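Engineer: Model the structure of this input:
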Amino acid sequence: VNRPEMPHPKAFSIRASELNERLDVSYHIPVVRTITELLKRCDAVPLSELTRDIHIPPRFKRIYVSKGYGVPFLRPSHLTQMRPYDLGYISRLTKELDSLTLHLGDVLITTDGTVGRIGIVTSRMAGWAGSNNIARVTYGNNDFRNGFLAAFLSTPYGFYQLTREIYGGVVDHIEVPHIESVLVPTPPKDIQVSIGKLVVKAFELKDEASVVEECAIRKVEEILQKGKAA
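Structural biologist: Numbering: from 1, shown residues only. Below is the predicted model:
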């Protein structure tokens, strides 16, 4: 299959009728137009039609506490790390904790700063709290299509759609309506599930590897401490 090349011109022009009240260049880059045209040809639909819920928690005052008095707090920067470093804990008395809680299988999308980082809430992360700078996308059932969605959003076809909607003078930001409007292809369910299973398994194995690494680090540190004591 011959795939059209994604355009990356250094300059381009658009009609005034196409501005859509947006004068920022990132909204109009030709690659997004190409992506949209290609997805419409394969009967892609807005993400809002495929999911049960898409939401971003409200802003809240972060009160960090020691591990024994809080829940792990996932920040946007953690989504790209093999295992979360500098993981803090926020108080269990945080009023907004219910809306911040991460639920198994939700697809995570960073909405502030570096927009468009993608993650999945694994069995290890379920029950943690997540930043209000991370959107949660919830499917109605656990049939691994969340993995397919995470894989698609991680491709240029998903990433450019998310980042075209960025606004903000100092800190980049996107809102729920921007995420809802992202076009997503809908191949047969069995294809989505077969892809999604591999993606979900990869995220789960990444967490298992992190646990093994942490255990190995602790053992090495114990050996070193014993050596110093001797």
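
Engineer: which residues in the chain form strands?
Structural biologist: For the chain, strands defined by DSSP state E occupy the ranges 45-46, 53-55, 70-74, 88-91, 107-110, 118-120, 129-130, 134-138, 183-184.

Engineer: What residues of the second one count as buried?
Structural biologist: The neighbour-count criterion (16 or more other CB atoms under 10 Å) identifies Ile54 as the buried residues of strand 53-55. From N, CA and C alone the C-beta is placed, and that goes for glycine too.

Engineer: That one pairs with which strands, and in what direction?
Structural biologist: strand 134-138 (antiparallel) (DSSP bridges).

Engineer: quick revisit: got JSON lines for the strands of the chain, with distance to His28 and mean pLDDT too?
Structural biologist: Shown next, in JSON lines, are the strands of the chain (distance: least, CB to CB, whole Å; pLDDT from 0 to 100):
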{"stretch": "strand 45-46", "distance to His28": "20", "mean pLDDT": "96"}
{"stretch": "strand 53-55", "distance to His28": "25", "mean pLDDT": "95"}
{"stretch": "strand 70-74", "distance to His28": "33", "mean pLDDT": "96"}
{"stretch": "strand 88-91", "distance to His28": "39", "mean pLDDT": "95"}
{"stretch": "strand 107-110", "distance to His28": "22", "mean pLDDT": "97"}
{"stretch": "strand 118-120", "distance to His28": "24", "mean pLDDT": "96"}
{"stretch": "strand 129-130", "distance to His28": "32", "mean pLDDT": "96"}
{"stretch": "strand 134-138", "distance to His28": "24", "mean pLDDT": "97"}
{"stretch": "strand 183-184", "distance to His28": "17", "mean pLDDT": "96"}
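
Engineer: what's the closest of these to Val199?
Structural biologist: Of all those, strand 118-120 sits nearest to Val199, with 7.3 Å by CB to CB.

Engineer: residues making contact with that closest one?
Structural biologist: By CB atoms under 8 Å, 6 or more residues apart in numbering, the residues outside strand 118-120 that reach it are 79, 105-109, 146-147, 150, 153-154, 158, 199-200, 203.

Engineer: could you redo the last one with a cut-off of 10 Å?
Structural biologist: 74, 76, 78-80, 102, 104-110, 125, 130, 134, 137, 146-147, 149-155, 158-159, 162, 196, 199-200, 202-204, 206 (CB atoms under 10 Å, 6 or more residues apart in numbering).

Engineer: hey, where'd the helices end up in this protein?
Structural biologist: 25-28, 30-41, 97-100, 145-153, 156-164, 176-180, 189-229 (DSSP state H).

Engineer: Are there helices or strands packed against the last one, and which ones?
Structural biologist: Judged by 3 or more CB pairs under 10 Å, 6 or more residues apart in numbering; DSSP states H and E, helix 189-229 is in contact with strand 118-120, helix 145-153.
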